[in-house]
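1. Provide a 3D model corresponding to the input given below.
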Amino acid sequence: MFDRSSKSPAAGPRDAAVDLVSELLLGMRLEGVHYRRLQTKAPFGLRFETPYGRAQFHFVAHGTALLRYADATPLSLGCGDAIFLPRGGAHDLVSAPDEPSCDVDRFETETLCGNVDVTSACPAGCPQDESVLVFSACMNFDLGGMRPLIALMPEVMRADTLLVRQPEIEPMLKAMERETCTPRAGSVGVTARLADVLAASIVRGWVECGSDNAVGWFEALRDPRLGRAIGALHRAPGRNWTVAELAAEAGCSRSLFAERFQSMTGQSPLRYLAELRMRLATQWIEHERQPIDIIAQRLGYASQAAFSRAFKRVTGRSPGMVRHGSGSQRAAE
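-> Numbers count the residues shown, from 1 in each chain. Here you go, the predicted model:
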């Protein structure tokens, strides 16, 4: 039981910011769309074209590989390494920095069950001691109202950087290695669930470590006054907030609050609120399939028409287009 008495040490600004982000991350959605157990051997070059809006997870269960992405220096991956690409995008797993790559979908693939495939990129066979085993997952990754965090995350996030702070990750990595290298009844299902948990742990670790490059936005949460106002917006996005009311939440004057909010986040408070509402609306339309009139009410709009106009003004699409696009994507999967 936690002791929250007056004798407990007071949380510092950093701890308060992490607590607030943790609270706001309760709406995080991270679920596998497609899993793949991949076996290959050197020389190899595998191309992954992860669609925009999806994340990619890779775990090396046996052997070694290089991750080649964008214009960055190739990243060396060894046995037991797990990485998460929060924004997905085109990237390669290769045996050497200059090795040409081929789309992974072009290799011989067998569907084990549902959304889990086994791919062999060893035309002449893979002796166990020479093989490279990788378990990959393409994932839906949505932070709802906290979606701006995704744009601030590094292109590649590694699990091994979190072992000191999150020692519970190590047994998960070892379990994933065992399940991938020695298939048993139900192994693919167990490995898929471990991939989901590991990816979520990597995201959590990044948040708890201060969010690296998310300086301006995270600094706003660390600010005791701005943090209170941002927290209030996220807890009640449907309230008809005014800048004066938000300043009262922050405990400062209206002008000082508006100026500080703009300088720290790059947006006015009401613009931030408008975008927050539309991020939540998009999540509720795409993932929860809520009726648009109900979403309009939840977000404080007097009518569905008023909500639809605001949605299109912020996102450039109508709510109906988002719902139709989401339905088409689900059908394709």
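2. ranges for the helices of the stretch 101-250 of the chain?
-> If DSSP state H, counting those that start in this stretch is used as the criterion, the helices of the stretch 101-250 of the chain fall at 148-152, 169-181, 187-208, 215-222, 224-235, 243-250.
3. could I get these as a markdown table with mean pLDDT, mean neighbour count and distance to His34?
-> Yep, even glycine has a C-beta here, placed from its N, CA and C like the rest. Output for the helices of the stretch 101-250 of the chain, formatted as a markdown table (pLDDT from 0 to 100; neighbours: other Cβ atoms under 10 Å; distance: least, Cβ to Cβ, whole Å):
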| stretch | mean pLDDT | mean neighbour count | distance to His34 |
| --- | --- | --- | --- |
| helix 148-152 | 75 | 16 | 19 |
| helix 169-181 | 88 | 17 | 16 |
| helix 187-208 | 84 | 20 | 10 |
| helix 215-222 | 69 | 19 | 31 |
| helix 224-235 | 88 | 19 | 31 |
| helix 243-250 | 96 | 18 | 42 |
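4. what's the closest of these to Leu75?
-> Evaluated with Cβ to Cβ, the helices of the stretch 101-250 of the chain place helix 187-208 nearest to Leu75, the distance being 14.5 Å.
5. Report the distance from the closest one to the chain centre.
-> Its chain's average C-alpha position is 11 Å from that of helix 187-208, according to Cα atoms, centre = their mean, to the nearest Å.
6. still on that earlier bit, which stretch among the helices of the stretch 101-250 of the chain comes nearest Gln304?
-> With Cβ to Cβ as the criterion, Gln304 lies closest to helix 224-235 of the helices of the stretch 101-250 of the chain, at 22.6 Å.
7. helices and strands around the closest one, which ones?
-> Counting contacts by 3 or more Cβ pairs under 8 Å, 6 or more residues apart in numbering; DSSP states H and E, helix 224-235 packs against helix 13-24, helix 215-222, helix 243-250, helix 254-265, helix 269-286.
8. Mind putting the helices of the stretch 101-250 of the chain into TSV with distance to Thr73?
-> TSV is the format used below for the helices of the stretch 101-250 of the chain (distance: least, Cβ to Cβ, whole Å):
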stretch	distance to Thr73
helix 148-152	21
helix 169-181	24
helix 187-208	21
helix 215-222	23
helix 224-235	36
helix 243-250	43
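9. Nearest to Leu162, out of those?
-> Checking those against Leu162 by Cβ to Cβ gives helix 187-208 as the closest, at 3.8 Å.
10. quick one, the closest one and helix 169-181 angle?
-> With axes from the mean of the first three to the mean of the last three Cα atoms, to 10 degrees as the criterion, the two stretches helix 187-208 and helix 169-181 enclose an angle of 150 degrees.
11. Where does the record place the domain boundaries for this structure?
-> 29-214, 238-332 (the TED database).
12. of the helices of the stretch 101-250 of the chain, which approaches Gly266 most closely?
-> Using Cβ to Cβ as the measure, helix 215-222 is the one of those that comes nearest Gly266, at 6.8 Å.
13. excluding its backbone neighbours, what's nearest Glu108?
-> Ranked by Cβ to Cβ, 6 or more residues apart in numbering and with sequence neighbours excluded, the top spatial neighbour of Glu108 is Ser120, at 5.0 Å.
14. tell me which residues form a beta bridge with that neighbour?
-> Assessed by DSSP bridges, Ser120 has beta-bridge partners Gln39, Glu108.
15. and of the helices of the stretch 101-250 of the chain, who's closest to Arg260?
-> helix 224-235 (6.4 Å).
16. Give me the distance between Met28 and Tyr52.
-> When distances are taken as Cβ to Cβ, to the nearest Å, Met28 and Tyr52 turn out to be 19 Å apart.
17. more neighbours, these two?
-> For Met28 and Tyr52, the more surrounded residue by other Cβ atoms under 10 Å is Met28, and the numbers stand at 16 against 7.
18. Surely that one is in contact with Leu143?
-> Yes. With contact taken as Cβ atoms under 8 Å, Met28 and Leu143 are classed as touching, separated by 5.4 Å.
19. in stretch 52-69, what counts as buried?
-> The neighbour-count criterion (16 or more other Cβ atoms under 10 Å) identifies 54-63, 65-69 as the buried residues of stretch 52-69.
20. picking up where we left off before, so for Arg228, which of the domains of the chain sits nearest?
-> Across the domains of the chain, Arg228 has its closest neighbour in domain 238-332 (5.3 Å, Cβ to Cβ).
21. just how off-centre is that closest one within its chain?
-> Domain 238-332 has its C-alpha centroid displaced from the chain centroid by 20 Å (Cα atoms, centre = their mean).
22. and what of stretch 219-234?
-> Distance, centroid of stretch 219-234 to centroid of chain: 22 Å (Cα atoms, centre = their mean).
23. Dig out what Arg47 forms beta bridges with.
-> With DSSP bridges as the criterion, the beta-bridge partners of Arg47 are Asp92, Asp103.
24. Let me know the distance separating it from Phe107.
-> Spatial separation of Arg47 from Phe107 under the definition Cβ to Cβ is 10 Å.
25. ok, now Val132?
-> In this structure, Val132 and Phe107 are 13 Å apart, going by Cβ to Cβ.
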